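Undergrad: Task: produce atomic coordinates for the following.
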Amino acid sequence: MPSSVKSWSKALHRWLCWLVSFGLCWLIISKPALALNDGQQLVLESWKLVNDGYLDTTKFEKIHWRRLRQQALEKPITTSEEAYSAIENMLQPLGDPYTRLLRPEDFKAMKASNLGSEINGVGLQLGAREKDGQIVVIAPLEGSPAADAGVTSGTALISVNGESPKTLGLEATAARLRGETGSQVIVELQPPNEQVQEVILERRSVDLRPVRTRRLRNESHTLGYLRITQFSEGVPEQVVEALQELSEKGIEGLVLDLRNNSGGLVSSGLAVADAFLSNKPIVETKNREGINDAIPAELETLYDGPMVTLVNGGTASASEILAGALQDNGRSQLLGSKTFGKGLIQSLTTLSDGSGLAVTVASYLTPQGRDIQNLGIEPDRFLDIPEPLNPGGAEDRWLQDAELLMGANLDRQGLEASEPKNDVLNQADKNEFFQAKNDLYE
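TA: Numbers count the residues shown, from 1 in each chain. Sure thing, here's the model as predicted:
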């Protein structure tokens, strides 16, 4: 081999050795700088959960999603609060109030609510209007300070102790409303089509009691009344017990009350739907890959008798799934007013430090393919306004209307069942009878 080639080869070999040595040294020296601390790991963990599951991937390109991650990690993050702020700033451009971080104390409160236990606060279930991001009341909890003060569904929260809920977001607003029994919170509220009013609410322990039932009796019929105020973890089992108890009392029909039920666990809502529907589709879900097959009910039902269902503007999310399934399958008429219109499903993940992350991962459609998000479900029969403020109470006009309609339906079924084959009751007589019944409910 020529000496010039040997010299060049040796030089190249030395250069490569030097380059490798330099690279190893650089890696050793820079490794601590590249390692992410706990706060940065939390940011990265949150980013990945959203990146892997978020429903509307078209938003990622519009908001430069990957760049938001890099920008968040470039800032100094040395405390949990700095990590939480970084995550919230990263999620904010998505424009989705339901994809959100839950600090440990807020996450704990949400899990307690889903377990159906008591909570301390004013008893407001909140949502966000998509058109302007305004935080609004889905419904007040029954027996809560908010319900006692007459707060109604659709009321906008203008301020909480001087802070703007629109700026705070859902979880921070909910956190401001919770507190020790006996403490007070000043809220500015704007009911639909009314002026802003200031209200002082005193916090107290609110018993969620998601399932309530009783027997309704009059001169003609014995009916069952089943009210579900939220779909928490134990609700399906409580509904089973309630339906068994009512069946043992010989009810002829059922009034199901979903008013002011803001939702909860979708799995609980599906389980309750399964109690009323036999081998019928309950709901279709749509994730980032497309529309999935409808989720069907089991063949066996717990109650297959006549029923009507009460809904209102506080009927949202999982309760809308149930209401839509009953209506689309012709299982139950819906009475009341149009529902809230929350057709999005969130996954809830516990993060490494005990905080939580809610991510919108799917939307749902009724069995007939109706999209509920921001549209709601219209009842088969609208009932007179103003809406009663005491669902299930002695002066509940809507419940009285539901009882009358259920009774008329039972009378009609009885007449049809007993009608002789030779049609002794002529058509004119039947028309007069049915018109008299229907006049009660117009």
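
Undergrad: now the helices: where do they sit in the stretch 151-300 of the chain?
TA: Assigned by DSSP state H, counting those that start in this stretch, the helices in the stretch 151-300 of the chain fall at 165-168, 170-177, 235-248, 266-276.

Undergrad: and among those, the most buried is which?
TA: Of all those, helix 266-276 carries the top mean neighbour count, a mean of 22, counting by mean count of other Cβ atoms under 10 Å. Using the backbone N, CA and C atoms, a C-beta is placed for each residue, glycine as well.

Undergrad: and it, what other elements does it pack with?
TA: When contacts are defined as 3 or more Cβ pairs under 8 Å, 6 or more residues apart in numbering; DSSP states H and E, helix 266-276 sits against helix 235-248, strand 281-287, helix 318-328.

Undergrad: what does the first one contact?
TA: Going back to what we said before, that points to helix 235-248. 116, 210-211, 213, 215, 224, 226, 228, 254, 264-265, 268, 271-272, 275, 302-303 (Cβ atoms under 8 Å, 6 or more residues apart in numbering).

Undergrad: where's that helix relative to the chain centroid, distance-wise?
TA: From the chain centre to the centre of helix 235-248 is a distance of 23 Å (Cα atoms, centre = their mean, to the nearest Å).

Undergrad: mind exporting it as CSV, just the C-alpha atoms?
TA: Coordinates of each C-alpha in helix 235-248 appear next as CSV, following Å, rounded to 0.1, in the frame of the first residue of the first chain:
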residue,chain,number,x,y,z
VAL,A,235,-76.5,3.4,40.5
PRO,A,236,-77.2,0.3,38.4
GLU,A,237,-77.5,-1.9,41.5
GLN,A,238,-79.7,0.7,43.2
VAL,A,239,-82.0,0.8,40.1
VAL,A,240,-82.2,-3.0,40.1
GLU,A,241,-83.4,-3.0,43.8
ALA,A,242,-85.8,-0.1,43.1
LEU,A,243,-87.4,-1.9,40.1
GLN,A,244,-87.8,-5.1,42.0
GLU,A,245,-89.4,-3.3,44.9
LEU,A,246,-91.8,-1.5,42.7
SER,A,247,-92.7,-4.7,40.8
GLU,A,248,-93.5,-6.4,44.1
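
Undergrad: Run the angle between it and helix 318-328 for me.
TA: Put simply, helix 235-248 runs at 50 degrees to helix 318-328, going by axes from the mean of the first three to the mean of the last three Cα atoms, to 10 degrees.

Undergrad: which phi and psi does Tyr303 have?
TA: The phi/psi pair for Tyr303 (degrees, to the nearest 10) reads phi -140, psi 120.

Undergrad: where along the stretch 51-200 of the chain do the strands fall?
TA: Per DSSP state E, counting those that start in this stretch, the stretch 51-200 of the chain carries strands over the ranges 100-102, 119-121, 124-128, 135-140, 156-160, 184-190, 197-202.

Undergrad: And for Ser352, the neighbour number?
TA: Residues within reach of Ser352, counting by other Cβ atoms under 10 Å, total 10.

Undergrad: I'd like the numbering to begin with 229 instead of 1 from here.
TA: Understood, numbering begins at 229; the last thing we discussed is Ser580.

Undergrad: doesn't Leu270 make contact with it?
TA: Yes: between Ser580 and Leu270 there is a contact under Cβ atoms under 8 Å: 6.3 Å.

Undergrad: Could you list the alpha-carbon positions for stretch 373-384 in CSV?
TA: What follows is stretch 373-384, C-alpha atoms only, in CSV (Å, rounded to 0.1, in the frame of the first residue of the first chain):
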residue,chain,number,x,y,z
PRO,A,373,-78.1,25.4,48.7
ALA,A,374,-78.3,26.2,44.9
ALA,A,375,-81.6,24.4,44.5
ASP,A,376,-83.0,26.1,47.6
ALA,A,377,-82.0,29.5,46.1
GLY,A,378,-84.0,28.6,43.0
VAL,A,379,-81.0,28.4,40.6
THR,A,380,-82.2,27.0,37.3
SER,A,381,-80.7,25.0,34.4
GLY,A,382,-79.0,27.2,31.8
THR,A,383,-78.1,30.0,34.2
ALA,A,384,-74.7,31.5,33.4
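
Undergrad: which parts of that stretch are buried?
TA: Residues of stretch 373-384 classed as buried: Pro373, Ala374, Ala375, Ala377, Val379, Thr380, Ser381, Gly382, Thr383, Ala384 (neighbour count, 16 or more other Cβ atoms under 10 Å).

Undergrad: how far out from the middle of the chain is the longest strand belonging to the chain?
TA: Determined from DSSP state E, the single longest strand within the chain is strand 584-593. With Cα atoms, centre = their mean as the basis, strand 584-593 stands 10 Å off its chain's centre.

Undergrad: Next: stretch 303-322.
TA: Taking Cα atoms, centre = their mean, one finds stretch 303-322 lying 25 Å from the centre of the chain it belongs to.

Undergrad: Give me the contact list for it.
TA: So stretch 303-322 is contacted by 265-268, 270-271, 274-275, 278, 282, 287, 291, 296-297, 299-300, 327-329, 331, 397, 581, 583, 585 (Cβ under 8 Å, 6+ apart).

Undergrad: from the residues you listed, which ones fall inside helices?
TA: Using DSSP state H, the members of the contacts of stretch 303-322 that fall in helices are 266-268, 270-271, 274-275, 278, 287, 291, 296-297, 299-300.

Undergrad: Please convert the buried members of these into PyMOL selection syntax.
TA: Of these, the buried ones can be selected in PyMOL as follows, counting by 16+ other Cβ under 10 Å:
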select buried, resi 267+268+270+271+274+275+278+296+297+300
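
Undergrad: What is the most widely separated pair among the ones in helices among the contacts of stretch 303-322?
TA: Asp266 and Lys287 (28.2 Å; Cβ to Cβ).

Undergrad: how much space is there between the closest residue to Tyr282 other than its chain neighbours and Leu572?
TA: Distance criterion Cβ to Cβ, 6 or more residues apart in numbering; nearest residue to Tyr282, sequence neighbours excluded, is Val587 at 5.9 Å. Separation of Val587 from Leu572 (Cβ to Cβ, to the nearest Å) stands at 10 Å.

Undergrad: more neighbours, the two?
TA: Ranked by neighbour count (other Cβ under 10 Å), Val587 and Leu572 place Val587 first, with 23 against 18.

Undergrad: per-residue confidence for that one?
TA: You'll see Val587 listed with a pLDDT of 96.
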